[in-house]
Structures are given as structure tokens and as C-alpha cells.
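1. Sharing a sequence plus its predicted fold:
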Amino acid sequence: MKKNKITFAHVFKTIIWPKRKVVFLGLILILISRSASLILPGSSKYLIDEVIVNKDLGMLYNLILVVIGAILIQSVTSYLLTQLLSVQAQLMISELRVNVQRKILSLPISYFDNNKSGALVSRIMTDVEGIRNLIGTGLVQLIGGTLTAIVSLILLINISPLMTVYVLVPVIIFAFIALKAFAKIRPIFRNRGVINANVTGRLTESLNGVRVIKGFNAEEQENRIFQKGVDELFQNVKKSLTATSLITSTSTFLLGLASAGIMGIGGAMMIKEPTDPSYLTYGEFLAFTLYLGFMIAPIVQMSNIGTQLTEAFAGLDRTQEIMNMDPEDNELVRTKSLDKIDGNIKFENVSFAYLEGKEVVRNISFDAPSGSIIALVGTSGSGKSTIAGLAASFLNPLSGKVTIDGIDLAQVKLNTYRQYLGVVLQDEFLFEGTIRENIMFPRPYATDEELNSAVKAAYVNEFTDRFENGLDTMIGERGVKLSGGQRQRIAIARAILANPRIIILDEATSNLDTESESLIQKSLGELMKGRTTLVIAHRLSTIRQANQILVIENGQIFEQGTHQELIDLQGRYYELYTYQSRI
């Protein structure tokens, strides 16, 4: 995957500029707040050189009122600033999470095959958090601190150019070191996102597979794997903490050195006679030191701000990788819409490989006319499910083409095709929730009559009638509270309710007992009438009525014909069928 490095220009264009009105208002509030904060150090000069020297109580009272007013303004603007930018940052995080989730769901099936679900969750929920630091507190501190530092620098020059020049030398050195350091830290944060995603992914897998873990007494093994991931994450955090602590230590030393020098230079200038051009009053020296603090404080904070922004950019780097990927339904390639279909599927010399140079399907050609039943049989790993995936357009051919009613599927907008598609897989996935919600998943607004019809057709009511809450029974994550046969019947009911034109049944009856299978075969028989059906089955007794049976071996069609034709041929299908009949 190509790595993308986010630049500030890109962030400004895509994140800050669309929110320019809010950011501009925030900048005004920052300017007001920081300007108000400079009143206090400025007033100290007048307090010492004017009020105290002249013993002017009236000026003292006025000065106190000005300071209190400035403090009030600073407090109000700081509150408004936090509310404005922090809330806006959270809103943008929410919007970006939705966009990333939508983008991920638009990616091809192959992407999900190569990435852990827990890692994808991390990319959606964690990587986008950095926006908080770009629009929220990080931006406030960076811009506010910069404005304060610039104004303070001007005031410092006005008080004493000599001391200001002395101060700027260590400040510039520190800024150079910090920029170099943050460039080194950014890859560390980027790698942290990868490690965190891997650890989260493994943790999610272990929690989902807890029955397997306990069944094989593998708790300690899983603990070691998780601990290894956590240790790797710790080492990464340790590296970043070491780097940031070095920056902080450098700033403390250099800026402390500057302060010590100012003490010496300023003390010498105050000792001079008032007639000396370089003479400093006590008030000017106090104001200089206070302004110096306002200029240095943002620079010292750069270690914290820089870490926040660097982490934010690293997370957005990873987010940008996702957003730059081509979606499954690429509009530049898929330009044709299907208003309606008859359901004629045709494979024309189709080959496919998951890994380059290792084809799992080679030169497959067959017709599946509208309303026909095509069965795929063969040993495990022969390529049956891959052919089904190609028919569902989950996969795209390496060569050759799959057509629907004569139109190349590679050119069809997938949402216009898959609205006519129903899929029942061997290891069918059910969502946490109720039985009703899972069956109505493809058609959430189906009527009760349609729902009940699907429930009866798949014989789901045969077991839900025994449940206290019936169809409203909670089934747990992935349907763990149900048997394999019950889960499969719910999946079949879901496909029946979708009322598709094309049906793909991948070992749809593999988890059913003999009695349930007999019932389901009757309902599937009704479902398949008038619909193009692609059936993958190990139980050859279930496909005797197929219009055509394809025997797949090593990714190729080894035999082809009806059940009786293949039996008469006494080839590979005959061997498989007679072997199963003896079991």
C-alpha cells in the first residue's frame, strides 16, 4: 500500500479551510484573549515607574480596573474559544469517522481478507482523533502562542534591543532542534498506529474466539501473544517519550541559559546612571522579564504542542491511505446501471488469482440461463467458492469476463446489480440483536406478512415458537445463543425475504440435521423457482434436480452435465456420489 504523508497545506485545504468561518472567529477570540493577557505585564512598568514613584492613588485605582477588565475579557474569550473550537473538533471527528467507515465499506472484499476487523475499527475510531488537536486545543495553543510570542518580541525590542538579541540566539537554536526532532518523531507515531491496530485486531479475534481458546486450553498462549503486542506498543511509546523529553530538556537548558544572561545584562544596565543611553528602570526590567515569559512560554510548550500535532498528522496519514484507495464500485470503470434483470449469467474463459502467478480458477466457461439451477461440486479448495464470489462480483476476473444478461459485470454499478442478489454462505454471519432484526436486515421496512412468509418458508418458526420472546429473542454476538442449524435457517429466511432474482447458496444446508435439511430443501425449492441459482454443495443428494452440475477440480471444469448424465459417465462425479451414498 502506498504511504501518504499529510502536509500542512493539505490539512489546511481539506480540514481547516472548509471550517474557515469557525476558525476565523476562533482566531479573533485568540487575538482578543492574548492581547488581554499582555495587559498585566505592561501595567507592571507603570505601577513601579509611575504609580509608586509618584504615589498616585488615582492612577493605581485606574490601573487595577484596567487589569481586572483585561482578566475578565481573557476569561470570557477563553471560555468561548474552548466551546467553539473543541465542539467543532468533536463534530469533525464524528464526520470523519462516518466518512472513513463509509469508505472502508466501499472497498473490495479482498481488502477485508487482508486486514483484521479490529485493526479496521482502530483506523475508524482512533486515527481520526488527531483532528481534536488540529482544530481544538493544539491549534489554540499554537496560533495563540505564536501571536503572543510575536507581540511580546516587539515589546521586548522596544524595551531593550540588546537583551532581545541575546535571547533570540538560544530560542532559534531550540526551534531548529525541535523541528528536526518532530520530523523524526512522526514515523514513530505512525508506526504506533499500526502496532495499536494489530494489537486491537488480535484482541478482538481472541474475544470472538474465546470458545476455541478455552476448548484447547490455550489461555496462556493467547496471553503471551497479547503481551508481546503490548510490549511492542510500550517500546514505541518509550521511543516517543524519550524524544519529547529530550526536546523539553533542551528547551529548559537553553531558555534557562537565556534567563540567566538576562539577569546579568539587565542587572548591569539597571546599575548604570540614569543618563546612560542603555539604562533600564526597575519597571522596564520587570516588564521585560514578564514579556520574556510570555514569549518563551509558547516555545517551551512546543514540546507538548508539537507532540500533539505530530501524532495528529501521523493518524491522518493512515486515514488518508484509506481515503485514497479505489472503491469497489469505481465510477470511472463501472458506468452501467441495471434497471431490471432476467438473470442470465455467463462465464467466458474466466481466470482468477488471489496471489500473483497462482491462479485458483482457470478458463472457466459456462452458461446459467435465467431460472436455471447450476450446481458446483468438488473437493475443498477446488475453486467453487471463488466462482461464486466472481458471480456475486465480490471478486473481479484476472482474465475473461462474467456477464449478466450480456453485460460485463466489471462495468456494472454494483448497487444496481446486488439489489437483485441473495447470498447464503456456509458460515453465515448474524448480527447481535434479535432474530427479527437479522431476518429483516435486507428489507428493514418489510411488512409483517412478508416477514412471516419468509419465517415459515425457512421453518424458522419451528424453533422460535419455543422461545419465550419468539422472533424478538436476542441471539448474542454472531448468534452464539443459537445452534448452527438455527443460524442457517435464519440466514435462509433473510435471503427469502430479500426476494432476489439471483441466488447464491454456498453450502447453505451444511449445518442442518437431516430433518431440518429436508424441510429447508422444500422451502429452497420454492425459492429457486424462476430464479437463477448457483449452488455449492458437498452433499450431492441435495443437487440432483440441478439443470447443470459442474465438477470443479484444480480450478477447472472437470466434468459437466445433469445428475443422470454424470452418473452414466461414471467419472469423478460418479465416484463422489457413490462414495457419499455408502457413508
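-> Cool, the structure landed.

2. Distance of residue 198 relative to residue 97?
-> As for residue 198, its distance to residue 97 is 20 Å (criterion: C-beta to C-beta, to the nearest Å). All C-beta spots, glycine's among them, are computed from the backbone N, C-alpha and C.

3. Let me see the domain layout of the protein.
-> Split into domains by automatic domain parsing, the chain comes to 8-323, 329-420+503-512+527-583, 430-499.

4. Include mean pLDDT when you put the ones you listed into TSV, please.
-> Formatted as TSV, the domains of the chain follow (pLDDT from 0 to 100):
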stretch	mean pLDDT
domain 8-323	76
domain 329-420+503-512+527-583	85
domain 430-499	82
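
5. Quick one: those as TSV, columns for mean neighbour count and distance to residue 521 too.
-> Formatted as TSV, the domains of the chain follow (neighbours: other C-beta atoms under 10 Å; distance: least, C-beta to C-beta, whole Å):
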stretch	mean neighbour count	distance to residue 521
domain 8-323	17	29
domain 329-420+503-512+527-583	17	6
domain 430-499	18	11
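
6. Tell me how far residue 563 lies from residue 550.
-> From residue 563 to residue 550 the distance is 12 Å (C-beta to C-beta).

7. residue boundaries of the strands in this protein?
-> 345-355, 358-368, 373-377, 399-404, 407-408, 421-424, 502-506, 532-536, 548-553, 556-561 (DSSP state E).

8. Save the ones you listed as TSV, and put in distance to residue 431 too.
-> Formatted as TSV, the strands of the chain follow (distance: least, C-beta to C-beta, whole Å):
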stretch	distance to residue 431
strand 345-355	27
strand 358-368	30
strand 373-377	28
strand 399-404	28
strand 407-408	32
strand 421-424	15
strand 502-506	19
strand 532-536	24
strand 548-553	32
strand 556-561	36
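
9. what about those, which gets the closest to residue 116?
-> Closest of the strands of the chain to residue 116 is strand 345-355, at 17.3 Å (criterion: C-beta to C-beta).

10. For the closest one, output the C-alpha coordinates as PDB.
-> Taking C-alpha atoms only, strand 345-355 is exported to PDB below (Å, rounded to 0.1, in the frame of the first residue of the first chain):
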ATOM      1  CA  ILE A 345     -25.200 -15.300 -16.000                       C
ATOM      2  CA  LYS A 346     -22.400 -16.300 -18.300                       C
ATOM      3  CA  PHE A 347     -18.700 -17.100 -17.600                       C
ATOM      4  CA  GLU A 348     -16.400 -16.600 -20.500                       C
ATOM      5  CA  ASN A 349     -12.900 -18.000 -20.100                       C
ATOM      6  CA  VAL A 350     -12.700 -16.600 -16.600                       C
ATOM      7  CA  SER A 351      -9.400 -16.900 -14.600                       C
ATOM      8  CA  PHE A 352      -8.700 -15.600 -11.100                       C
ATOM      9  CA  ALA A 353      -5.800 -15.500  -8.700                       C
ATOM     10  CA  TYR A 354      -5.600 -14.300  -5.100                       C
ATOM     11  CA  LEU A 355      -1.800 -14.200  -5.400                       C
END
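
11. Packing partners of that strand?
-> Here strand 345-355 touches strand 358-368, helix 384-391, strand 399-404, going by 3 or more C-beta pairs under 8 Å, 6 or more residues apart in numbering; DSSP states H and E.

12. Distance to residue 266 for these - can I get that in CSV?
-> Converted to CSV, these look like this (distance: least, C-beta to C-beta, whole Å):
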stretch, distance to residue 266
strand 358-368, 76
helix 384-391, 77
strand 399-404, 80
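
13. ok, now which ones touch the residue nearest to the spatial centre of the chain?
-> Geometric centre of the chain, nearest residue: residue 124, 2.1 Å, by C-alpha atoms, centre = their mean. Counting by C-beta atoms under 8 Å, 6 or more residues apart in numbering, residue 124 touches 97, 100, 101, 104.

14. 10 Å instead, please
-> 96, 97, 98, 99, 100, 101, 102, 103, 104, 319, 322 (C-beta atoms under 10 Å, 6 or more residues apart in numbering).

15. ok, now residue 387?
-> Counting by C-beta under 10 Å, 6+ apart, residue 387 touches 347, 350, 352, 360-361, 364, 366, 374, 376, 378, 395, 402, 504, 534, 536, 550, 552, 555, 557.

16. same question, residue 341
-> Counted by C-beta under 10 Å, 6+ apart, residue 341 has contacts 370, 404-405, 407, 412, 416-417, 419-421, 501-502, 532.

17. same question, residue 152
-> Contacts of residue 152 by C-beta under 10 Å, 6+ apart are 34, 37-38, 41, 164, 288, 290-298.

18. just curious, which of these is nearest to residue 570?
-> residue 298 (86.5 Å).

19. pretty sure that closest one contacts residue 174?
-> No. In terms of C-beta atoms under 10 Å, residue 298 does not count as a neighbour of residue 174; the distance is 11.8 Å.

20. biggest helix in the chain by residues?
-> Counting by DSSP state H, the longest helix found in the chain is helix 219-271.

21. other SSEs contacting that one?
-> For helix 219-271, the packing partners by 3 or more C-beta pairs under 10 Å, 6 or more residues apart in numbering; DSSP states H and E come out as helix 161-208, helix 210-215, helix 282-323.

22. ok, and what's touching stretch 109-121?
-> 1, 100-101, 104-105, 107-108, 122-123, 193-194, 196-208, 322, 325, 328, 354, 389, 392-396.

23. do that again at 6 Å, thanks
-> Residues outside stretch 109-121 that contact it (C-beta atoms under 6 Å, 6 or more residues apart in numbering): 104, 197, 200, 201, 204, 394.

24. These: which two are farthest apart?
-> The distance between the two most remote of the contacts of stretch 109-121 (C-beta to C-beta) is 25.6 Å, for 200 and 394.

25. and the gap between residue 480 and residue 129?
-> 31 Å.

26. How about residue 476, nearest residue that isn't a chain neighbour?
-> residue 432 (6.4 Å; C-beta to C-beta, 6 or more residues apart in numbering).

27. and that neighbour, what are its phi and psi?
-> Main-chain dihedrals, residue 432, degrees, to the nearest 10: phi -60, psi 130.

28. Kindly provide the distance from it to residue 446.
-> Taking C-beta to C-beta as the measure, residue 432 falls 20 Å from residue 446.

29. now residue 434
-> Going from residue 434 to residue 446 by C-beta to C-beta gives 14 Å.

30. next one: residue 253
-> For residue 253 relative to residue 446 (C-beta to C-beta), the value is 71 Å.

31. Most distant residue from the centre of this structure?
-> Outermost in the chain, C-alpha atoms, centre = their mean: residue 275 at 68.2 Å.

32. For that residue, grab phi and psi.
-> Torsion angles, degrees, to the nearest 10, at residue 275: phi -80, psi -10.

33. do the same with the one 3 residues further on
-> The phi and psi values for residue 278, taken as degrees, to the nearest 10, are phi -90, psi 10.

34. repeat for residue 383
-> According to degrees, to the nearest 10, residue 383 has phi 120, psi 10.

35. Enumerate every residue touching the residue nearest to residue 349 when sequence neighbours are not counted.
-> Counting by C-beta to C-beta, 6+ apart, residue 349 lies nearest to residue 400, which is 3.9 Å off, once chain neighbours are set aside. If you count contacts by C-beta under 6 Å, 6+ apart, residue 400 has them with 348, 349, 350, 351.

36. Quick check: residue 400 vs residue 406, distance?
-> Going from residue 400 to residue 406 by C-beta to C-beta gives 15 Å.

37. Equivalent analysis for residue 333, please.
-> 18 Å.

38. ditto for residue 104
-> 33 Å.

39. excluding its backbone neighbours, what's nearest residue 393?
-> residue 409 (5.1 Å).

40. was I right about the one you found contacting residue 396?
-> No. Using C-beta atoms under 6 Å as the test, residue 409 is too far from residue 396 to be in contact (8.2 Å).
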